[in-house]
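**Student:** sequence and predicted structure are below.
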Amino acid sequence: GRFAPEKRLEVLLNAYARYRELGGTWPLDLYGAGDLPSVSTPSGLFRVHPFVQAAEMPLVYRGHAAFVLASDFDPWPLVILESCASGLPVIVTDRCTNHVEFVGRNGLVVPHGNVEAFACAMLRLEREREGFDVAEGRRVAARYSCAAWSARILEIVHKLGGRKG
């Protein structure tokens, strides 16, 4: 939700400009608060929206074709889980540690900071969108739903309750 340096928006914006040079046609929407980095990307190529509250995010996801996260480091970006649960294919860096759990046939993982890799991944996702298995992302995300976590906690409580101390 914030435009912080570790989010590497300069990488994303430069990759998006390159993606458009390569023939990509999807628009880019940025959601968050704070200052954008100074980059040579023409500002008319993308739209900036204010921070969106969690309850409004499903509507935002429904209005888009994919989700891209260029962060240098993010130990557990919840936004990836939300994107997968919403049925979006995703592109994330190899530094977003939950990519191991959430990104398979439903997206792409690229080296952090690699503008060309991001641009090519965006173009591939646009051109091969139907080849990505977003249902896989939904299934994986379902394992982390409130209901799933509650069931796990209850299971642990029942196991612990059955022990004699």
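**Tutor:** Received it, and whenever you're ready, just let me know what you need.
**Student:** how about the helix or strand of the chain with the lowest mean pLDDT: buried residues?
**Tutor:** In the chain, the helix or strand scored least confidently by mean pLDDT, DSSP states H and E is helix 99-102, which has a mean of 84. By 16 or more other C-beta atoms under 10 Å, the buried positions in helix 99-102 come out as H99, F102. Just so you know, the C-beta spots here come from the backbone N, C-alpha and C atoms, and that holds for glycine as well.
**Student:** which strands and helices lie in contact with that helix?
**Tutor:** Judged by 3 or more C-beta pairs under 8 Å, 6 or more residues apart in numbering; DSSP states H and E, helix 99-102 is in contact with helix 78-85, strand 90-93, helix 134-142.
**Student:** switch these over to JSON lines; also include mean pLDDT and distance to L123.
**Tutor:** Formatted as JSON lines, the helices and strands packed on helix 99-102 follow (pLDDT from 0 to 100; distance: least, C-beta to C-beta, whole Å):
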{"stretch": "helix 78-85", "mean pLDDT": "90", "distance to L123": "19"}
{"stretch": "strand 90-93", "mean pLDDT": "95", "distance to L123": "11"}
{"stretch": "helix 134-142", "mean pLDDT": "93", "distance to L123": "18"}
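**Student:** where in this structure is pLDDT low?
**Tutor:** 39-43, 162-165 (pLDDT under 70).
**Student:** can you give me the helices in it?
**Tutor:** 9-21, 57-62, 78-85, 99-102, 115-127, 134-142, 146-161 (DSSP state H).
**Student:** dump the ones you listed to JSON lines, plus distance to V109.
**Tutor:** What follows is those, written out as JSON lines (distance: least, C-beta to C-beta, whole Å):
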{"stretch": "helix 9-21", "distance to V109": "14"}
{"stretch": "helix 57-62", "distance to V109": "20"}
{"stretch": "helix 78-85", "distance to V109": "11"}
{"stretch": "helix 99-102", "distance to V109": "5"}
{"stretch": "helix 115-127", "distance to V109": "9"}
{"stretch": "helix 134-142", "distance to V109": "13"}
{"stretch": "helix 146-161", "distance to V109": "24"}
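**Student:** where's G24 relative to G161, distance?
**Tutor:** The gap separating G24 from G161 is 55 Å, by C-beta to C-beta, to the nearest Å.
**Student:** these two: who's more crowded?
**Tutor:** Using other C-beta atoms under 10 Å as the criterion, G24 and G161 rank with G24 on top: 21 against 7.
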